[in-house]
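Participant: following is a predicted model, sequence given first.
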Amino acid sequence: MSEVNRPLSPHLQVYRLPLSAILSILHRATGVVLSLGTLLLVWWLVSVAQGEAEFNFASSVVSSFLGQLLLFGWSFALFFHLSNGIRHLFWDAGYGFALDDVAKSSIAVIVSAASLTVFVWALVYLG
Amino acid sequence: MNSKISQGNDTHSTKGLSHWWRQRVTAVALIPLTLWFVYAVVSINGADYSTVITELSEPVNAVLIVLLIVVAFYHAALGMQVVFEDYISTIKIRMACIIGSNLILLLLALAGIVAVVSVAFGGK
């Protein structure tokens, strides 16, 4: 074996992912979560169309602890995917590729997703 | 090799607006639609049945929710396709997953649209 004297590709189990890489995989993960979450939206809409009893049942499920927890996670996924998606659109247009810009926009995406989530749930529970 | 890539593969059509563009166009459309959707969900939170029916029957609301369903499910189908393409290397299984996910998303979108339309036109 000759001595390896070149950069090795990151070994994912020991390599600490940069923030931008974590956000990148989170974008995909939240996209999949949102695709699955469409089930919830369609189920609720169908319950409204079915009648008052079905709607009341759906409402009780949604307002249960588990339902609210699911909605909370879904809302964060939505706001994260929205915020990071807007960043992706800027990248697609050719802006924000410099490393310090990426570092700043990563923070902006996290702050935006977290504050939108907190804001909306504050409206629901305090508004 | 390069020419083959530029011609696309099994799941990449080179005709019409490319997958990449369709994903971006739907993404841009989803920004205002999502914000409206969040606003609508927050305002309808805790409302009783008759209020929900009244709100959903409002033409602007009905049109926007149908538009949201169409664009969001299309965006989801495009996104899920890329996920399957990236992680499933066996072409047959990959194609089955993509077709399956497209069909499920199409059925869900249709169910959602039919529900909104039936409420909006006062079936019940």
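Facilitator: Perfect, thanks for sending it. Numbers count the residues shown, from 1 in each chain, chains lettered A, B, ... in the order given.

Participant: residue A:7: neighbouring residues, count only.
Facilitator: By the measure other C-beta atoms under 10 Å in any protein chain shown, the count of residues near residue A:7 is 6. Any C-beta I mention is one placed from the backbone N, CA and C, and that applies to glycine too.

Participant: ditto for the one 5 residues further on
Facilitator: Using other C-beta under 10 Å as the criterion, residue A:12 is surrounded by 7 other residues.

Participant: any idea how far it is from chain B?
Facilitator: 14 Å (C-beta to the nearest C-beta, to the nearest Å).

Participant: pick out the residue closest to the middle of the chain.
Facilitator: Just so you know, I chose chain A. Centroid check for chain A by C-alpha atoms, centre = their mean gives residue A:77 as the closest residue, at 2.6 Å.

Participant: right idea, wrong chain: chain B
Facilitator: residue B:73 (1.1 Å).

Participant: go ahead and confirm it touches residue B:111.
Facilitator: No - look at residue B:73 against residue B:111 with C-beta atoms under 8 Å: they stay out of range, at 10.5 Å.

Participant: which helix or which strand is home to residue 34?
Facilitator: Here I'm looking at chain A. Element membership for residue A:34, per DSSP states H and E: helix A:19-50.

Participant: try chain B instead
Facilitator: Short version, using DSSP H and E: residue B:34 is in helix B:19-44.

Participant: and the next helix or strand past that helix?
Facilitator: helix B:49-57.

Participant: touching chain A at all, that following helix?
Facilitator: Yes - with C-beta under 8 Å from any C-beta of the partner chain as the criterion, chain A is reached by helix B:49-57 at B:49, B:52-53, B:56.

Participant: okay, now the unreliable bits of chain B?
Facilitator: B:1-16, B:123-124 (pLDDT under 70).

Participant: and the helices in chain A?
Facilitator: A:19-50, A:52-63, A:65-92, A:99-126 (DSSP state H).

Participant: need the residues of chain A near chain B, please.
Facilitator: A:28, A:31-32, A:34-35, A:38-39, A:41-42, A:45-46, A:48-52, A:55-56, A:63, A:75, A:78, A:82, A:85-86, A:88-89, A:92, A:120, A:123-124, A:127.

Participant: for PyMOL, write the selection for the buried entries among the residues you listed.
Facilitator: Selecting only the buried entries of the residues of chain A next to chain B in PyMOL, with 16 or more other C-beta atoms under 10 Å in any protein chain shown as the criterion:
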select buried, chain A and resi 31+34+35+38+41+42+45+46+48+49+50+55+75+78+82+85+86+88+120+124
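
Participant: returning to what we had before: quick one, which of the helices of chain A gets closest to residue B:115.
Facilitator: helix A:19-50 (3.9 Å; C-beta to C-beta).

Participant: for residue B:47, which residues are in contact?
Facilitator: residue B:55 (C-beta atoms under 8 Å, 6 or more residues apart in numbering or on different chains).

Participant: what angle do the helix holding residue A:34 and helix A:99-126 make?
Facilitator: 30 degrees (axes from the mean of the first three to the mean of the last three C-alpha atoms, to 10 degrees).

Participant: helix A:19-50 packs against which elements?
Facilitator: helix A:52-63, helix A:65-92, helix A:99-126, helix B:49-57, helix B:59-87, helix B:91-120 (3 or more C-beta pairs under 8 Å, 6 or more residues apart in numbering or on different chains; DSSP states H and E).
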